[in-house]
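Participant: What shape does this take:
(2 chains)
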Amino acid sequence: MSDLEQMYQQVILDHAKQRHGHGLAVLDGPAVGESHQINTTCGDEITLRVGLDGDTLASVTWEGQGCSISQASASVLAELLDGASLRTADETMEAFKALMHNRGVPLDDEREDLLDDATAFVGVGKYPARIKCALLGWVALRDAIARATVGTEGSDHE
Amino acid sequence: MTPTLTDVRREFPILGRTVRNGKPLTYLDSGATSQRPQRVLDAMAEFERAHNGAVARGAHLLAEEATEAFEGARASVARLVGAREDREIVWTENATAAINLVANGIGNASAGIGGAASARYRIGPGDSIVVTQTEHHANLVPWQQLAARTGAELRWIEVDELGRMRLEQLETKVDSSTKVLAFTHASNVTGIITDVAPLVKRAQQVGAFTVLDACQSVPHIPVDLGALGVDFAAFSSHKMLGPTGIGALWGRAELLDALPPSVFGGGAVMTVALEETTWHQAPTRFEAGSQPVVQAVGMGAAAEYLMEIGMANVAAHERRLAQILREGAAALPGVRLLGPVGEPTLNDVLGLAAVVVDGVHAHDVGQVLDDHGVAVRVGHHCNQPLHRHFGVPSSTRASAHIYTTEDEAALFVEVLGTVRKFFGVSS
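Facilitator: Next up, the predicted model:
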């Protein structure tokens, strides 16, 4: 398998076409957070919205446009973390970031299990210019969760 | 005698290296930055090795040699672009800084700096600044900000479906309120070379200053700024076979002498009292602080090399490449060329092609090309308004220079033709 084929694994090409969680869900309440992220080098953008139910990510939806890597990454993320606990989400985000900076080498079994389909992005690590594409949705997720959490805390004081 | 393409390529050591998968480098990203010939690298190394000294400051031999090299480079660049006097060339950090120098100078004049001599540059509410829809961000954002700072109105001349300026709008958009008309000499997306004359004519009718973004023209076609009739022009070294870290502003001497500086400090000043400062004439008034001397030497060597080859030869070479790139790409199924294609337009287009592949993002297109050793630019090329006009967020751009071969242009087209299949968007 060439580096190019390793980056564009079939699972990535499939996710880029059949995008999970695409289309922002209409959510109400204080435990909702949304983040808009732009990759300034190419103009790609993603808006990602989360809804929290206690410590659970009850809803992860997004919309945006961009390259197959950024789109597939957001799709895999939504599929993987919709319904997950915040703790799992946090660990998965950390694992994905580690995968991106691992220069094309797979991670340990424990983190591979956590990443599931997201392990397909291993090849992106060989292309430093594309890491930003793969991380776009994940950056939005972290920000959206933070905003949703602030929303919850804010409501405690009311 | 004109050097052969083989001679030219031998001058560029980087063209001999291999890239991804051991493939030979096919460098088609000269619109973003060009490669440097050995003689430019040598000129800079030789300066550092044997002639380095403080320019225009010391009373010793090295200082004299350094000053000579620095001013000699200015003379070379002046000759390349048809400056009437060497002092019409002002060194800047890059072309963006050159445009900002003019915009900020006008801003400072509008705030009263520069006194009566600078009054001709004052703008404010009720005045207008006109740009075009095809500008690189570097020739848009400084004007936007100047408008915001001074209360002047920002207007723009629109482009048609092929990206050509709608020159019929000159009559209405440029009027007696217009103080600045800023436009590109050649588009970094469509490759269209601007017919400068009607724009200059209209600006002169209403008494507006003209500012030309010559970044894409100076490296690729013969340019005689003095003859074009514009007032200011900006271009960069690294797109014309020189090093990064330096660019130039050209301006008519009497206009430069009246424009207030916007970077203040040593070297640029005539007399300094605690309460007031007077500035030197151009270019010194704009060159405060220590200057990029080595880079200037490199840019000068690049200008000499281009003149040795002859800009008419450069342009003719790139016209052939434009044809291969543009007609080849436009003929591929599912590929859209941004800008014109075909015989009648060829004399007016640079050697570049920006394309959109149906169903495949530019980043992904670029990655497949990279896998074949073909280096291209992907994204919006610092020109979002024009991409928005074309209804696309980004494109993939192949751009040539004097060292580009016809085979390389053909390889771009060939690999481009495989992209849709790779991503499964065509059978």
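Participant: Let me see the contact set for the residue in the stretch 51-200 of chain B that chain A sits nearest to.
Facilitator: Shortest the stretch 51-200 of chain B-to-chain A distance, computed as CB to the nearest CB: residue-wise this is residue B:137, at 11.1 Å. (Glycine included, C-beta is placed from N, CA and C.) The neighbourhood of residue B:137, defined by CB atoms under 8 Å, 6 or more residues apart in numbering or on different chains, consists of B:382, B:383, B:384.
Participant: Pull the number of nearby residues for residue B:145.
Facilitator: Around residue B:145 sit 15 other residues, with neighbours defined as other CB atoms under 10 Å in any protein chain shown.
Participant: wait, I meant residue B:105
Facilitator: Taking other CB under 10 Å as the neighbour definition, residue B:105 ends up with a count of 27.
Participant: what residue ranges in the chain score low on pLDDT?
Facilitator: Unless you meant another one, I'm taking chain A. Applying pLDDT under 70 to chain A flags the ranges A:151-158.
Participant: my bad, the chain I had in mind was chain B
Facilitator: Per-residue confidence for chain B (pLDDT under 70) gives these ranges: B:1, B:343-347, B:427.
Participant: in it, which residue is closest to the centre?
Facilitator: Among the residues of chain B, residue B:215 comes closest to the average C-alpha position under CA atoms, centre = their mean, at 1.0 Å.
Participant: Tell me the spacing between it and chain A.
Facilitator: In this structure, residue B:215 and chain A are 19 Å apart, going by CB to the nearest CB, to the nearest Å.
Participant: pretty sure that residue is touching residue B:236, no?
Facilitator: Yes: distance between residue B:215 and residue B:236: 5.5 Å, which falls inside the contact criterion (CB atoms under 8 Å).
Participant: any shared contact partners between those two?
Facilitator: Common neighbours of residue B:215 and residue B:236, using CB under 8 Å, 6+ apart, are residue B:95.
Participant: and residue B:371, how many residues sit next to it?
Facilitator: Burial of residue B:371, expressed as a neighbour count using other CB under 10 Å, amounts to 20.
Participant: can you tell me how far it sits from chain A?
Facilitator: The spacing between residue B:371 and chain A, counted by CB to the nearest CB, is 4 Å.
Participant: Quick check: that residue touching residue B:22?
Facilitator: No: in this structure, residue B:371 is not within contact of residue B:22 by CB under 8 Å, at 11.7 Å.
Participant: Enumerate the residues of chain A near chain B.
Facilitator: Along chain A, the residues adjacent to chain B under the rule CB under 8 Å from any CB of the partner chain are A:2-4, A:7-8, A:13, A:17, A:41-44, A:65-69, A:127, A:130, A:133.
Participant: quick one: which of those sit in helices?
Facilitator: A:3, A:4, A:7, A:13, A:17, A:68, A:69, A:130, A:133 (DSSP state H).
Participant: Buried ones only from the residues you listed, please, as a ChimeraX command.
Facilitator: Provided next is the ChimeraX selection string for whichever of those are buried by 16 or more other CB atoms under 10 Å in any protein chain shown:
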select /A:3,4,7,13,68,69,130,133
